[in-house]
Structures are given as structure tokens and as C-alpha cells.
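Asker: sequence unknown, structure follows:
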């Protein structure tokens, strides 16, 4: 046994290579011996890749190939033009030392600003990822990726480390301009197009950078919920498509091995291998970012990578340090820290990729294509320019400044100093330039503007901002073009500050801002009249921006951020055609989870008007109505808890049946025209159609209510949206009115004539309450919720809130008054009085008998109600839902809200006969049968309510003759179906009844193909519906128990207070008795006749004087 330490896996033993001999001496069970070092080098070398930064092949790279057998070389933009000869020399050296497969010749060709071979000499400049996310054409992207792969193959490159599948980070970062946006679906589509294009050309493709998962509260990896996280959706799609390899973020593999149990519990093993089931190549890069994460460098960092699941590592060490790093890796393999099994698995994955794409015949004798690269670039240049023109996005165009037409150009040119002032930041050239020469990458924009007849004064600005020289150019310029770029640079905020200063000092010249980077901060922080996005400052992008400014092209790009929707640009039709529709998952609204998010959505949709301001508490009172409300929401899949759309529905009793109300339907303004509203609309009517008691539906709610119709202040486009859904709008209007009671005085000519007619007014009392209910039932029972509000006055002990009109001691009219501090239920159902002010009351449910209408009783009743409100100290009166505002306006009311009423029509349900459904009147509301133009949801089929209890005879309006009465025998019905229609029968599927688990007894005739015995059917949707009904009933029971418990608690509290009062009375009485006894004792002590003390004991026989002590 060795006398050294027993734990040979401790990381601190590998801090330096000086103790490698001692470490080998401790490892007595090592699988490798000293003579196996060459095989270790060959195996480990195939798992390594080194960068090549020199213009030509140097001795360092050749030494790494010939002595350490590295598996690949990463090229950069510093390599010489003769890339093909350089690569062939590397492959020849690998073949000479006995490589089984050719080298990986890799490059990070992401295009755009991250294209090592895209300067116009080594390859065509194609748009980058952010520009691709702007034009969103997968077909063009496939052609671009295929063309790029073809050009790379002419230089003998066989591996492309691209594209980036990470989602755009709203907080910014170095990856902003390298992503396709923040839409996981669009990113997945772009990634599939690129990988398919590379695969069609026989080139390997590794995507990047797989993000690290979050950890649970106990430090355990939460893999169960990862499938729902948007950031993993593009990678999951890439795994399904069989991508060749994946780059890992440093946080996936650079963590200490003690935390991963020597790699057994690493994120790469748990998440990628086990959870996603991916068996491709996992690659890590040992650069400064990984060193910062792992807090180590050199060999220890590489050892962590191999232990935690990496199959290949790109070592970015200095040539003088890489030998020590390799020595540490070899020692870790010899001492079993890096297991032999993991090495063999990694080599197998690398071998599969190389066998699929690489061969020695092509590597050593590439096809004679060196003369075809210039011709390919000429052929691909048109494709690149077309893609750049499609990516240009006009975000803002106030006052239609763009395009600069010929008339506007001539106006600018006629000015004495009609030139263009071009301000650009100081940006380094994208590619090395010869020594002694200077090149400004933005000079191409100035040349493009000058080519259209304008003199251009190009003046770069620094991080110090605008100077007096710039301000002098601004005063003399005809129009200004300001360029922002390098949003990942620390000095980018200085560009924003310079732009803000320019907006203040300029005169009336048009200011055109060109964002040659991610425009996120420009959208949020600065108000601009014209904003054009090119997303990069390549030559092709800047020339496309000039074409958009002068109207040579019609920009059709869209912002690749779903969190922002620009104002209507000049290319709205193009935006609509490129914006993808998708299906949205609709959830049921829950107060605990969705209340505050709903308040945020309300503020975002209706916060522009002060009269519609509602806080979370008020929304809670309106939305939380268990038993007769059902609300639906659509959530943002990218933001936890954020609500994109809300639909509120209520039911109210109208006779024997219910009326369904679509109270509100709101969609986040930034996410409109994407099918969210239609998804909520259809889900709400699906619920109403399934409700057995709902016969009619209306747009707007009654009690509780937000709006009884569509507000007239709503944009016309929003009103037309409901018309397209099939709603029939009437020409009648509903009015909410308001009066300032402090300025109101009682009219002198109202009560006098009514008094002569014997009509008086007064508050309701318990003696006449039953007469009031009978009066309301007789005249207003058809109005949903009207009579219920009067009945509720007795429950809340607010009978005096009813103001009555009497004639000969009979009730001829009534009105409800309420305030925010009362118990009246109507004060909770109408939120707008509290929005207006704290001392604002209301007037509702005003009605008279038909024989007293037109005689001034209504005006008198309203005046009596106003006097009652004024006597209560209220300062304002809100009138709810009036169809005739002349009476109120004559008394001083003003219109507060005007609403457009819709036609209340029956809710249609599907039925078996299509012929009968076609006979329904087109004027009535057909649920889900509107002429929707959206393609993301299938409209419902209209139908009519029918049942065995409510069956109507066919109407002559359908075109059929009225049938005579016939016998009800089944034979007669079958023999003469044309004389009396058959009673309609429905299947379970038509009635949407669940398929329950049933038993087919033996001997019973069974349908063909159905087995006897118990049939189990898994119907999760039905079971969830049943559970919701059960939970609803349980909630009702619990609510009843809570109410009962509250009442009992009140009774107990009253009993306790009564008991305390009695005890205090007893104590007071006892104290009085004690005081009287003390007074008697004092009187007896003075006379000397006291025979007993108060406690019943006898006094002493001898009574002497008290001792007195005096001090001299």
C-alpha cells in the first residue's frame, strides 16, 4: 500500500506540474504506465483545438500537431489570404504523424459584424443574426447559409462554429447583436435553416452557447420545469434535428468538480445527456470568461471541463504556457481523475462527426476551386444586398419625413447651405488595414448620400460628445444624419448623451437617426422623429440605409424584440405580412396569481384616460365574484407572471335563464394583431356555449360593470374588431353622466306642479318596502339585475337608499342612491364614482310606472334623489346607464362617458342539422361565427339551442310549409318524415359529453369492433372540468362556512363585551359597599364605641396610646 494520502482526487494537488512524479507514485492503481504516455497524448490531443492567429503556419502549430496530436485548428481574420494553402499544409502534417481522420479546420462565421472572412476579399458580406431576425425570411436565410458554406469550402474549411441560439437579453450584453431576437420560435426556425444549409453542403456546424440552468432552493437541478423555459427551446429543437455539436457556457462546465461529484452530477450530464438525450459533441472554450467563472486557469480549468462533460476544449493559452497545461491534463488522466471511459465516449462522438463530413481524399487533394471564389462572390452579392434591404427597419417616421422625395430634396438643395451633416462615432475597422492608412467604416454612408446629389459634411464625434464645431455644422445643415453603433462598448452611453444634446440644439432641420447596432436603448430613452435600424455598420447595411432614406427601397423589416411594438410605420402592410401568428394558451384567471398583473395590464391599456383609472383593490372587488364570473388570461411565455391579455365574463339572472356578459377584453398594446384577442374571445364564448343556463350574450356587463357597451372614445379600429367578430352594433347610445352638487341648486318649478297632482317624494321605510318590491317586479322584472338591487337593500339594512314617488299613498316611481361608504351592493358594482372623487355618490335604477311617464315625475324623482345625496354631504352625483339624457341635462348633469350599445342575441350552440342552422337570422349574434380575418384560431360553428324541454316547431320563415299534426308513433315518423319532422337526437360528441368508463355486459349487443368488459378512456380535459366543478362547489361550501364562522365570531364578541360590562357593574357596586363600610368604621372609631373590626375579630382589651418619637 502507498504511504501517501488515500484521496488521490483532491483538486489542490494539481495546482502546479512540479509534483507530477509524486502524484504518479501515489497512484498505484493507475490504468496507464509511463510507456503509455504517447497513447494518452493521442487520445487527449483529439479532444483539443487550438487557435491559429498568425498569418501563416508557424512552428508552434506544427509542434502541437506532430507531438500533441491536436484535433482541430480555429482560424481567425488575421490569417493570410492564402487560406487554402495554409489548410492543406496543416492537413499534410497531420497525415504524416498518423492521424486517423483529418483535422477540424474551424471558423466562427456568424456573418454580419462577426464574419472573419466577410470583408469582400475572402468572402461575401452577409447580414448578421440581428438583421436576419428583422427580415424573418427562412427561405432567404437558407440560401445565405448555403452560399456562405460554399465559400468556406473553397478555402478547405470544414467546421463552422455558428450560429448563436441564445435569446436576446433585454438587459443588454455582448451577445445582443449576435442573436436572432427574443422569440424562441423564430430563433429555432433560423437555426434549423442554417444547420440544414450547412449539412446540404457537407459541412459540420456547432451551435452555441448552451446556457446553464437555474438551481433549486436546495441546490438540486430543477430539470422537470426546463422544458417550459423559453431559453432552451431553440437548443431542444436543434437536438431534435441532430445538430453535430454544441458550445457550452462556462458556467456549465468550469465549476469545481467537488460540486458536481466528480462530474457525475454536472449540468452537462444531467441536463443535456439525460434530460434532453443529446449524444453529440459538447465543446467548451478555455478563455478569460471561463477562467473568471472557475477562478482557476491552465490545466486545472481543462481538467474540470473534461470531468464535467466536455468532449472538446478550445485552449486559448499562450504558446509558452500550453505545454504545462497539457502536462497537467496527462497527469490527471494517468491518475484516473479523468476516467478512461469518458475519454473513449468523447472520442467516439468526435469520430462520428469526422467520419460524416471529413475524408483524407478531400483534405489532401481538394477540388480545384480556387478560381471560383471571386465568381461565387459576384453571384452572391445580389443575394446579400437584397437581404440587407429587407432587414432595414423604419421604427419611427413622424410627420412622414421619409422618404426624402424629389420635391423635398429640391427644397433642401435650394437653401444657401443645403448640405447633409453626417455625425458618426469613432469605430475601429472591422478588418486589418495596411500600415499608414486610415479607414472610416462610415464613409460608405457619406458616399451613398453624396451619390444622390447632396453635399455631405462628415464629422465624427468622440466619447466627449458634441463640440462647437459640430454645433456650427448643425446650424448650416439642410438635414442631419446621426449614426449610433457599438452598443456593447462602454462608451455607448456617450453616444446617447450626444444624441440628446443634438435634439435640443438643432433648429427645424430633419434629424434622421441610423442605429447601426441593437436599437433597444434608443427605443426606450430618447424621443426621435425618424429612426432607421440597420443593426450593423457594414458597407452593405449603410448603403441600404441610404436607399431607405431616399425612397429607393421600401423598408419591410421589423424589430426582432417582441417586448416592443413600434408606432405604425410607413410599411404597416409589410409589417403585418412578416409578423408571425401563433397559438396562445389561455388560462383561467386566479386572484392570488393574476390580480396585480391584471392591474398593470389595465393601466397599460386604459391608463391614458384619468376617468378610467382603477387600482388593484378596485379591480379585486370587480373581478373576484365567485359563482357568477369566469375570467381568462393569456400570459407572456418569456416573462414570468406578465399578462398579455385579459377577458372578463359575468352571468346575471334574467327571468328563468342567465345572460352572459363579455365585460372587458384587453390586450397589451405591444402585442396586438397577434391573435391574443381572438383566442380570448373564442375561449369566453366556448365557456358560455357550454353553460346550460346561458341563452343570450351581450357586449358589456350590467352588474358588476366596467362598461355597458363600447366606449365612444375607443379607437375606431378597436370597434371594427368587434364588428368583424360578428357583433351587431345598434345606433342607440348609453350615457353615464355627472353633476357637481356644490354648484347645483334646486329648481323652483319642479315640485310645485307635481304637488298639485298629488305626487309626493320620500325615502323608503320598512313599512312600504314590500310594496316597493311588488312595484319593481311588476314594471322592471325584465331588466337583468334591476329588481335584485332593490331586494338587496333589506339584507344590508339600507332601505332608506331607495327614494320613492307616491301618488295617493301608492308607489309610482323609485330611484336608488348610493355612496362609497355605504353597504349598498351597487356601490361595489360601479367603480367610477370612486374614481371621480371620495365624496361622490350615485344614482341608479330610476324608473316610473308607465301611466306617470311624461308628466314630470322623472325630473321630480331625480331632484329628490339629488337632495338626498346633498343632505348626506356628498359633493358629486354619478348617473349610471341612461338612455335618455335630456332630463338629466336639463337639471345640470354633464355627459361623462358615451357608450355604444350592441344587440343582445341568443347564444348559438351546435346541432346536427346544418340546414336548420342556415335558417337562423343573420341579424342576430352568432357565437364565433364572425368574419374573422385571423388565421390563428378556427371560428366556432353557429347553431341554435335545442333540447327536449324547449323544442320549437319549425317556422315558416325557413321556407318549409307548416306541417299538420300527426301521430307520435315511431312507425309513422319513419314512414312520413316530410309531414312532421323527427325529434332531433344528438350524439355525445355533439353535446360535448365526456366519454365515461363503462362496462359492456356479456350478452348485450355491442358495436362492431368494441370489446366486452370495462373500457378505460383517458380524458384529462373532462376530468379537469369535473374537478373544477367540484372545486367550485367546495369553494362555495367553504365560503358559506367562512361566513357562518364570521357571524359566530361577531356573536361571541358581543357576548364577551356584555359579560365584561356586567363584571364591571358588579365591581363598581362592590366598591360602593366597601366605601360605605369604611366610612362607618371611621365614625365608630372617633366615638370609641366600636366593638368589632371590619373582619369580625374582637379588639384588644387594653387600648393604649400610640408611641410617639420626637427628635431634639
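Answerer: Here it is on my side, so go on. Note that the coordinates shown come from a computational prediction; the quantities given were computed from them, not determined experimentally.
Asker: Which residue comes closest to residue 754 once chain neighbours are left out?
Answerer: Sequence neighbours aside, residue 860 is the residue nearest to residue 754 in space, at 4.7 Å (criterion: C-beta to C-beta, 6 or more residues apart in numbering). (Each C-beta comes from the backbone N, C-alpha and C, glycine too.)
Asker: Let me know the pLDDT of the residue nearest the centre of the chain.
Answerer: Residue closest to the average C-alpha location in the chain (C-alpha atoms, centre = their mean): residue 636, at 2.0 Å. Note for residue 636: predicted pLDDT of 85.
Asker: next one: residue 415
Answerer: At residue 415, pLDDT is 62.
Asker: one step back: contacting residues around the residue nearest to the centre of the chain?
Answerer: 642, 643, 644, 671 (C-beta atoms under 8 Å, 6 or more residues apart in numbering).
Asker: Can you get me a residue count around the second one?
Answerer: For residue 643, the tally of surrounding residues (other C-beta atoms under 10 Å) stands at 25.
Asker: quick one, phi/psi of it?
Answerer: phi -100, psi 130 (degrees, to the nearest 10).
Asker: Assess the claim that it and residue 632 are in contact.
Answerer: No - counting by C-beta atoms under 8 Å, residue 643 sits too far from residue 632 to count as a contact (10.4 Å).
Asker: before we move on, the earlier item: separation between the residue nearest to the centre of the chain and residue 235?
Answerer: 21 Å (C-beta to C-beta, to the nearest Å).
Asker: now swap in residue 1045 and tell me
Answerer: Counting by C-beta to C-beta, the gap from residue 1045 to residue 235 is 53 Å.
Asker: And those two? Which one has more around it.
Answerer: Shown here are residue 1045 and residue 235; by other C-beta under 10 Å, residue 235 has more neighbours (26 against 10).
Asker: And the pLDDT at that one?
Answerer: Here, the pLDDT recorded for residue 235 equals 94.
Asker: In three-state terms, label it for me.
Answerer: Here residue 235 is recorded as helix under DSSP: H, G, I helix; E, B strand; the rest coil.
Asker: was I right about it contacting residue 207?
Answerer: Yes - with contact defined as C-beta under 8 Å, residue 235 reaches residue 207; the gap is 7.3 Å.
Asker: Overlap in contacts, these two.
Answerer: With C-beta under 8 Å, 6+ apart, residue 235 and residue 207 have common neighbours 165, 246.
Asker: which strands and helices sit next to the helix or strand hosting residue 291?
Answerer: Residue 291 belongs to helix 288-294 when assigned by DSSP states H and E. Helices and strands touching helix 288-294, by 3 or more C-beta pairs under 8 Å, 6 or more residues apart in numbering; DSSP states H and E, are helix 250-253, helix 299-307.
Asker: Go again with 6 Å.
Answerer: helix 250-253 (3 or more C-beta pairs under 6 Å, 6 or more residues apart in numbering; DSSP states H and E).
Asker: Tell me the buried residues in the helix it packs on?
Answerer: For helix 250-253, burial by neighbour count (16 or more other C-beta atoms under 10 Å) applies to 250, 252, 253.
Asker: ok, back up a step: quick one: average confidence on the helix holding residue 291?
Answerer: Helix 288-294 comes out at a mean pLDDT of 85.
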